[in-house]
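Visitor: Return a 3D structure for these sequence lines:
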Amino acid sequence: MAQFVTPTARLPRSSAACLDAAAEHDPALRDPQLRAAFEACRVLHAEHGKTYYLATLLLPPAKRPYVWALYGFARYADEFVDSLTDPDPDALVAWSDDFLKSLDHGEPSEPVGRAMAATMRRWDLPREHVEAFLDSMRMDITETGYATYDDLRRYVYGSAAVIGLQMLPILEPLTPDAAARAQALGEAFQLTNFVRDVGEDLDRGRVYFPAEDLDRFGLTREDLFAARAAGRTPGPVRELLAHEAQRTRELYAFAEPGLSMVHPTSRDCLRTAYLLYGGILDEVEAAGYDVLGRRVRVGLPRRLAVAVPGLVRARRARAAEARWRTR
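Guide: Numbers count the residues shown, from 1 in each chain. Here you go, the predicted structure:
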């Protein structure tokens, strides 16, 4: 599991600046222990969610720590069941129970939980979203496949859609219609991961493609495991992956109007994440869906080509917002 930052450790200057900015509206973030907790989440985010972390840099500094907390909480919980070297599902159950109890009585006992609880308080995030997420993480303990797409979506709602909904208050929606788009974008990100990470998921004994889809292409779970063991992606599997990618693109298309339904200072962050995650599907397609023996990535040049112009626009948006507030 993660190595946490101690309260006495010196925070990187960039982290301290973001926490100082957030503390102007949330005085709790002046507490050294809580600051160290947010920094622990940032380290998790930077190490394990590089695409998402890059997009987060386009947000106003005061909002970034809360995104670190959302990602850090999700990653920490996920690691209990997804670690390929040291999974500990029993610990997930104990940790999640302790966290939920702490929301009613006291503070969470470890840093990631403390940062998440502070984020829930600051942005009034519904407890039921956190419960839905933890329920999906527990499903990974016993569920290794899903019969239908509707069955899979019930899992994805907790594992990803609610994270999109948790992000929304931080991004400051301008219309209630933004909620459905945020939920769809969270789902699209998760389904993108399923396509990209199919090989690693098979190593964990899981298949996140519905059995009804496998049937459509004349495949069984055993066919997927055999292909992974052989390190090759036969034609029917490529057809399956193309089908799943197209379904995911439809979710991205539905989510796209939501990129302009949030505050102007949040839009470039959201659009950058949208483009970079969508770019993963482009890379899978460019590889001919040959992903069972390797993990495709969006290369650094493309990431920078998307992020740098977004960074310029984001700075202009923040400057315009500052000028408007001083009138």
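Visitor: Every contact and neighbour count from this point should use C-alpha atoms.
Guide: Noted.
Visitor: Helices along the stretch 51-200 of the chain, start to end?
Guide: 64-82, 89-102, 111-123, 127-142, 149-156, 162-171, 178-196, 198-203 (DSSP state H, counting those that start in this stretch).
Visitor: Save those as CSV, and put in mean neighbour count too.
Guide: CSV is the format used below for these (neighbours: other C-alpha atoms under 10 Å):
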stretch, mean neighbour count
helix 64-82, 23
helix 89-102, 16
helix 111-123, 22
helix 127-142, 18
helix 149-156, 16
helix 162-171, 21
helix 178-196, 23
helix 198-203, 20
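Visitor: Can you tell me the centre-most residue of this structure?
Guide: Tyr71 (5.9 Å; C-alpha atoms, centre = their mean).
Visitor: Just give the nearest non-adjacent residue to that residue, would you?
Guide: His45 (6.0 Å; C-alpha to C-alpha, 6 or more residues apart in numbering).
Visitor: Give the full set of residues in contact with Val156.
Guide: 136, 187, 190 (C-alpha atoms under 8 Å, 6 or more residues apart in numbering).
Visitor: Quick check: the gap between the last one and Ser159.
Guide: To Ser159, Gln190 is 8 Å away according to C-alpha to C-alpha, to the nearest Å.
Visitor: Also Ala55?
Guide: For Ala55 relative to Ser159 (C-alpha to C-alpha), the value is 20 Å.
Visitor: any idea how far stretch 87-99 is from the chain center?
Guide: 20 Å (C-alpha atoms, centre = their mean, to the nearest Å).
Visitor: And the contacts of it?
Guide: 77, 79-81, 108-109, 113, 134, 138, 141.
Visitor: Same list, those, but as TSV with pLDDT please.
Guide: Compiled in TSV, the contacts of stretch 87-99 are given as follows (pLDDT from 0 to 100):
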residue	pLDDT
Ala77	92
Glu79	88
Phe80	88
Val81	85
Pro108	91
Ser109	85
Gly113	96
Leu134	96
Arg138	94
Ile141	91
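Visitor: re the thing from before, quick check, nearest of the contacts of Val156 to Leu251?
Guide: Glu187 (7.4 Å; C-alpha to C-alpha).
Visitor: thinking that closest one is in contact with Gly158, fair?
Guide: No: the pair Glu187 and Gly158 fails to qualify as a contact (C-alpha atoms under 8 Å) at a distance of 9.6 Å.
Visitor: before we move on, the earlier item: tally of neighbours for the residue nearest to Tyr71?
Guide: Neighbour count for His45, taken as other C-alpha atoms under 10 Å: 25.
Visitor: Now do the buried residues in whichever strand or helix holds it.
Guide: Using DSSP states H and E, His45 falls within helix 32-48. In terms of neighbour count (16 or more other C-alpha atoms under 10 Å), helix 32-48 has its buried residues at 33-46.
Visitor: Mind picking the two most distant members of those?
Guide: Gln33 and Ala46 (20.0 Å).
Visitor: quick one: the helices in the stretch 201-327 of the chain?
Guide: 211-216, 221-230, 235-255, 264-286, 300-325.
Visitor: show me what contacts the residue nearest to Arg35 when sequence neighbours are not counted?
Guide: Of all residues not flanking Arg35 in the chain, Leu29 sits nearest, at 5.9 Å (C-alpha to C-alpha, 6+ apart). Contacts for Leu29 (C-alpha under 8 Å, 6+ apart) come out as 19-20, 22-23, 35.
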